[in-house]
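*Asks:* Provided below for reference: sequence and predicted model.
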Amino acid sequence: MKPRLAFLVVVLLFVATAITNSKIVLAEDYQFPAEAELTEIVNINVNCTTANVSVICGVISNNTMLVHFPAEINMNITELLNATEVVVGFSTEGSFLWIVFNNTEVGGAEKYANATVETYFEPVFGREYMYNSTSVEDTYVNVTFTGSAVANLTEYTEGLMTECLASDLGGFSLTFIPMTYETGACTLIGAQKESGGFDWMYAMGVMYHTTIPDGPGEHTIDVLDLLDVELLAPSPYSQGQSGITIVYMSMVMLTINSNTPVTFVSCKPGQASPPARGWYIYPQIQPTQLQAMFMFGDSPLPVNVLSLTFSGEIIPEFTTPMLIAVLTFAAAVAVALKKRFIRK
């Protein structure tokens, strides 16, 4: 599997844990909203040492009426009983498929993965998948496959959305098609559960990489521009509760990393404390990292301006260090996910 594609898979799953991770940083007396039927997340990561920006927008749900794999794929077959993750990605550069098993011997995992791919994934997705590799981490066995590229990612994503998302889902999923026009974009669908059962949680998202102008001074991250939309609003299915207050579980997570100090300057809309509508700026633990989160609060109204300005120095991208950083980050998150992202 290409390093770039492996990173895309890891990021989609990493986004799914963003809510859990954010609980640690918020004020101790803040109670996160009760689980909604749908979680929507935009995750933007700015690397000032490479001038690289990764953008992903995803929707996650354990309600199969909202998000699911194509109906022709039986996710409850015996071969997937001990599977914990199934992730499929499509781009104009290639396609890939990742199945992770727990408490299964390598030979058995490969046998089950091959059978599932040949019976369901190849005919449904119209790809010919070739076995790529098998890796073992603790009790987990990861079997990966690679396949042919998608000629027209936009049309292919439209078809996947029709098959995998509720027709009235709306919200952040409306960014998927515009984002597919970006160079190097990748569309992903994934499922995750505990081994020994079939209580799947499903996700779908689109991701791409871009760059930011380099140099010192102030820099503005325009979220709507990066998502290629003029408006952003939550899905009605993302409505949850925080005490007696309605809260939409639709959020934008922004992380700015550097090897020199970065500071917050301003944001639009203004700052607010969760769960109110606005930007929440996390307390800076390290001067070289800035984190922020935008929430819609109790309002489903769209935003037509969504940006954050920070001060710091951005250095032009250098290919080799960037590749090393991506691979290191991907490996670290993959290990963390297997140990921590188990739905309670």
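*Replies:* Sure, I can see it.
*Asks:* list the contacts for the residue nearest to residue 170 when sequence neighbours are not counted?
*Replies:* Excluding the flanking residues, the one nearest residue 170 by CB to CB, 6 or more residues apart in numbering is residue 235, at 5.1 Å. For the C-beta atoms, the positions are set from N, CA and C on the backbone; glycine is no exception. Listed by CB atoms under 8 Å, 6 or more residues apart in numbering, the contact partners of residue 235 are 38, 40, 59, 169, 170, 171, 172, 173, 250.
*Asks:* show me which of those residues is closest to residue 120.
*Replies:* Closest to residue 120 out of these is residue 59 (22.3 Å), distances taken as CB to CB.
*Asks:* correct me, but the closest one touches residue 175?
*Replies:* No - Residue 59 lies out of contact with residue 175 (CB atoms under 8 Å); the separation is 10.0 Å.
*Asks:* show me which of those two is the more surrounded one.
*Replies:* Each of residue 59 and residue 175 has its neighbours counted (other CB atoms under 10 Å); residue 59 has more, 28 against 23.
*Asks:* so what's the more buried one bridging to?
*Replies:* When bridges are called by DSSP bridges, residue 59 pairs up with residue 40, residue 204.
*Asks:* quick revisit: can you name the two of the contacts of residue 235 that are farthest apart?
*Replies:* Maximum distance among the contacts of residue 235 (CB to CB): 11.6 Å, for 169 and 250.
*Asks:* who's more crowded, these two?
*Replies:* The neighbour comparison of residue 169 against residue 250 (other CB under 10 Å) goes to residue 250, with 26 against 23.
*Asks:* now do the helices in the protein.
*Replies:* 3-16, 18-25, 106-116, 122-125, 153-164, 176-179, 223-227, 319-340 (DSSP state H).
*Asks:* which of these comes out lowest on mean pLDDT?
*Replies:* Ranked by mean pLDDT, the helices of the chain bottom out at helix 18-25, with a mean of 38.
*Asks:* what pLDDT does residue 275 get?
*Replies:* pLDDT for residue 275: 84.
*Asks:* oh, and call the first residue 51 from now on, that's how I've got it
*Replies:* Yes, from this point I'll number from 51; that puts the last item at residue 325.
*Asks:* please name the nearest non-neighbouring residue to it.
*Replies:* Among residues not flanking residue 325 along the chain, residue 297 sits closest, at 4.3 Å (CB to CB, 6+ apart).
*Asks:* give the burial count for that neighbour, as a bare number.
*Replies:* Neighbours of residue 297 (other CB under 10 Å): 26.
*Asks:* repeat for residue 168
*Replies:* Applying other CB under 10 Å, we find 11 other residues in the vicinity of residue 168.
*Asks:* which secondary structure element of this structure has the lowest mean pLDDT?
*Replies:* helix 68-75 (a mean of 38; mean pLDDT, DSSP states H and E).
*Asks:* that'll do, ta.
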